[in-house]
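Colleague: Structure for the following, please:
(chains A and B, ligands or ions: 1)
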Amino acid sequence: MSGIAFPIPDAGVVARRDEIVAGLARLVAPDALVTTEDERRAFETDGLTAYRRLPLAVVLPSTTEEVASVLKFCNEHGVKVVPRGAGTSLCGGAIAQEDAIILGVSKMNRVLDVNFGDRTMRVQSGITNLAVSGAVSYEGFFYAPDPSSQLACTIAGNIAMNSGGAHCLKYGVTTNNILGVRMVLLDGTIVDIGGDALDAPGYDLLGLVIGSEGQLGVVTEATLRILRAAEGARPVLFGFASSESAGECVAAIIAAGIVPVAMEFMDKPAIQICEDFAKAGYPMDAEALLIIEVEGSDAEMDATLARIVDIAKEHGVQTVRESKSAMETAAIWKGRKSAFGATGRIADYICMDGTIPTGQLPYVLKRMDEIVKSYDLRVANVFHAGDGNLHPLIMYNVNDPVEAHKAEEAGNDILKLCVEVGGCLTGEHGVGIEKRDLMRHQFTEVDLEQQMRVRAVFDRQWLLNPAKVFPLEGRWLPDSEAA
Amino acid sequence: MTDLLQPADEAALAEAIAAAHAAKTPLAVEGAGTKNGFGRPLQTERTLTTRGMTGVTLYEPSEMVIGARAGTPLREVEATLAEKGQALTFEPVDYRGLLGTSGEPTMGGLAASNNSGPRRIMAGACRDSLIGVRFVNGKGEIVKSGGRVMKNVTGLDLVKLMAGSWGTLGVMSEVIFKVLPAPAHVMTVVLHGLDDARAIEAMAAGLGSPFEVNGAAHLPSGVERVPKTLLRVEGFRESIAYRAGELRTVLKGFGPADVIEGDTAAALWRQIRDASFLAEPRDAAVWRVSVAPSRAAAAMAKLHPTLPVRSFYDWGGGLVWIAAAPAGDAGAAAIRGAFAGTGAHATLVRAPAEVRAAVSVFEPQPAAIAALSAGIKASFDPAGILNPGRMTAGL
Ligand SMILES: Cc1cc2nc3c(=O)[nH]c(=O)nc-3n(C[C@H](O)[C@H](O)[C@H](O)COP(=O)(O)OP(=O)(O)OC[C@H]3O[C@@H](n4cnc5c(N)ncnc54)[C@H](O)[C@@H]3O)c2cc1C
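Modeller: Model (predicted):
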């Protein structure tokens, strides 16, 4: 693919590469510096694999102090810095360039402290999302945001992207589950933002940093809220003859005062793909499928599920499958959780991430189908139905440049549609490079300029992850006006 | 504060602020003014109120979202939600009793003060429910951030900055909140006679159980004759009867417990929410201290010998409300000293204006954080005309 532009690398920096690498080598342990071309290749892309750029060098520090000295050096020498966790970003958020170093936190992956009484834990930011829950599960606790990539993705990446997961309808996304971070500013200053109390004084800098896509500083530690897991969790699976009735069923459940932990939707192509892969026993005759999960004691779950099933029946549900065992629960979820992987087996795909008001669902599904067909492509839909966060997977052949271009165009059209109906470009994956050039569809110049002014408080020269989020032309610079 | 600006819509609001920006006229910004007296006293010529901009702009019960113009009374929004069995989740504090103010708190004031009550402990703060804002910055420009969908990571999250910025960054014209079904039934388990440390352990045990405790407060002697520790569960009837029962089992080691519900219990939680226990005497200074619960009791034990106070705990011990004599610094040094090193921060909620002008109403910040905050203030309000000095000198 080639639709997304990168800025022209700073020739001066590229020319000084050896000098810069030598400077970095003086700051960090030898094994923290990756400079050979072969090894740098491993860092040339992230989850948006259609785009690749070789970084100038990769630095993988082990301490906050090392991070600080590297940032200070880069700031002084005008070297761009792209922070990186596990590199699973789907929007190209962690892709660097020839004039930028990658500063990865993957070696900083320890749990520092767990306090069950306060329901908090402190971790280094390079720890994986799953390892966090793993570290507290022996007491029945967990960390709530659970992106499907949780085996690989890091808390650093989750914080930068404000990641969500299947269970955020009840538990919220990353920003609702973090109490504090330690972050290194571009000039090397180490700051603690927030703490381990439920709120912090002054402006909500923590809320600003979460979701800032590595543009404000490098996060090296975080204090997370952990929760005691419910006594049990159990899904029910519904098959519907139309996506309209599935959508109406979701609305009716909420209207009845029930907020399940998860409500996941799949359309027919997604059902087929996932069933072929996971053999989960999904109803192949259904046009739409819902997986709805509730939590509590057995009696509570029985009662809530009975209510939900009644509502589904009022909306013409065709297939009802209540999980009767842990195995069945796992099977029901396996299909959904492997949706991306299963799609990847049959085609290359790009995964969109817009959010829409759920009331617009039938209209948006219909329009999406038309859009994708108009480009002669196929789409499978899996998404978080409770909150309207869509994940259309547009399938194409990566080796066919024409088709790749069409897939990108179709994706852009779909995201514009999301904005048109009152939603947004990205619900949980972030803007990165992927949606950068669509930002003016959602925001006015004034909206964007206000964001860029705030960004400039942290990075006046556009050195931190600079090619992301804001359209390349029309960028605001502090010196462009007399303040 | 003689001259009142009351724009009727967003365009007029933008015009008024643009004019103030051009003339460098500082403005006091308020909704209904029910929290005037919270924060540092202002020296402004003119007051701008959002009361002229009212009305619910959007309500989709099945999407669990409501939007309203900034001057809309909270009461109106709550009534609209109640018709569909929904509610704001974060149980905002009604400060009128404590501050001796009148009028109807507005939605904009709610957001600007990031005002959250007992349920914050489980359902998140006001800032967690706020998903979209429109505001006018200090240059008179209309800016939006976030929107009406609850999952949105598009661009920098300015919504969070607006929440709790006390009108110093911009004047909100419209706010959008996510909402939840209102709890159908409520039960509160009550323990008796615990000291602060034991009470916090009991609340931790409850909050660390799977039974979804969403309110946990401790009323020590000085507030109650015999100390009371309360843990609240909400939900469908069958469910909460079961949960309250299980909770009592979890709390067995903390002595006999009983269960209260209905109007008495609801009234008690309102008093906790609004810190009504500390409203009298009227001249006492009132503080809120945010702290990790496990460090709260020890810090209070340190404080007691140095300063006569009345106090109680909300948020499982994570929020300590303290009333002290208003003399001198109203206890600032003693309270901040007792909590030093705990990561806590103390906010002065009520005190005479001279005291609020002299002591830091909000916890003083480390230099690097203060510098970032000043930069952010300047990026929204370069001339420093919006509520200048309400949070700290300069912000
Ligand atoms: C199969 C698959 C499924 C996925 N499912 C979900 C899902 O369900 N929900 C969801 O929300 N996302 C999902 N994602 C997207 C992705 O996993 C998340 O965005 C994740 O949070 C990225 O984490 P990471 O460690 O890989 O970060 P990276 O990809 O390495 O980086 C992501 C961003 O964070 C910045 N960054 C990294 N480290 C730091 C740091 N220390 N300080 C500051 N900034 C930093 C980077 O610059 C970049 O902008 C999925 C991805 C894949 C491939």
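
Colleague: Run me through the strand neighbours of the helix or strand in which B:R134 is found, direction for each.
Modeller: Under the criterion DSSP states H and E, the helix or strand holding B:R134 is strand B:130-137. According to DSSP bridges, strand B:130-137 has the following sheet partners: strand B:142-146 (antiparallel), strand B:170-178 (antiparallel).

Colleague: for these, which one sits closest to B:V93?
Modeller: Among the strands paired with strand B:130-137, the nearest to B:V93 by C-beta to C-beta is strand B:170-178 (16.0 Å). (C-beta placed from N, C-alpha, C; glycine too.)

Colleague: hang on, the earlier thing: buried residues of the strand holding B:R134, list them for me.
Modeller: B:L130, B:I131, B:G132, B:V133, B:R134, B:F135, B:V136, B:N137 (16 or more other C-beta atoms under 10 Å in any protein chain shown).

Colleague: What average pLDDT does it get?
Modeller: Mean pLDDT, taken over the full extent of strand B:130-137, equals 98.

Colleague: Can you tell me what sits against that strand?
Modeller: Residues outside strand B:130-137 that contact it (C-beta atoms under 8 Å, 6 or more residues apart in numbering or on different chains) are A:450, B:10, B:13-14, B:17, B:65, B:67, B:111, B:142-150, B:152, B:158-159, B:162-163, B:169-178, B:380-381.

Colleague: what about dumping the CA coordinates of that strand to PDB?
Modeller: The C-alpha coordinates for strand B:130-137 follow below in PDB (Å, rounded to 0.1, in the frame of the first residue of the first chain):
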ATOM      1  CA  LEU B 130     -17.900  12.800  30.500                       C
ATOM      2  CA  ILE B 131     -17.400  11.700  26.800                       C
ATOM      3  CA  GLY B 132     -17.800  15.000  24.900                       C
ATOM      4  CA  VAL B 133     -17.500  18.700  25.300                       C
ATOM      5  CA  ARG B 134     -17.900  21.800  23.300                       C
ATOM      6  CA  PHE B 135     -16.300  24.900  24.800                       C
ATOM      7  CA  VAL B 136     -15.000  28.300  24.000                       C
ATOM      8  CA  ASN B 137     -11.300  28.800  24.800                       C
END
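
Colleague: and the closest residue to A:Y349 other than its chain neighbours, what does it touch?
Modeller: Leaving aside its chain neighbours, A:Y349 sits nearest to A:L393 (4.4 Å; criterion: C-beta to C-beta, 6 or more residues apart in numbering or on different chains). Contacts for A:L393 were tallied using C-beta under 8 Å, 6+ apart; they are A:A270, A:A339, A:F340, A:T343, A:Y349, A:I350, A:C351, A:M352, A:V379, A:A380, A:N381, A:V382.

Colleague: Going by neighbour count, which residues of stretch A:293-312 are buried?
Modeller: A:293-297, A:300-301, A:303-305, A:307-309, A:311-312.

Colleague: ok, now stretch A:363-382?
Modeller: Those would be A:364-365, A:367-369, A:371-372, A:375, A:377-382, for stretch A:363-382 by 16+ other C-beta under 10 Å.

Colleague: out of these, which are inside strands?
Modeller: A:R378, A:V379, A:A380, A:N381, A:V382 (DSSP state E).

Colleague: How about the fourth one, nearest residue that isn't a chain neighbour?
Modeller: Using C-beta to C-beta, 6+ apart and skipping residues adjacent in sequence, the residue nearest A:N381 is A:D267, 4.1 Å away.

Colleague: Run a quick neighbour tally on the one you found.
Modeller: Residues near A:D267, counting by other C-beta atoms under 10 Å in any protein chain shown, number 22.

Colleague: try A:M121
Modeller: Other residues close to A:M121 by other C-beta under 10 Å number 24.

Colleague: so what's it up against?
Modeller: A:V111, A:L112, A:D113, A:V114, A:N115, A:V132, A:A135, A:V136, A:Y143, A:T223, A:L224, A:I226.

Colleague: and chain B, which of the residues you listed contact it?
Modeller: With C-beta under 8 Å from any C-beta of the partner chain as the criterion, those include A:N115 near chain B.

Colleague: In PyMOL, how would I select the buried members of the contacts of A:M121?
Modeller: Per 16+ other C-beta under 10 Å, the buried members of the contacts of A:M121 correspond to this PyMOL selection:
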select buried, chain A and resi 114+115+132+135+136+143+223+224+226
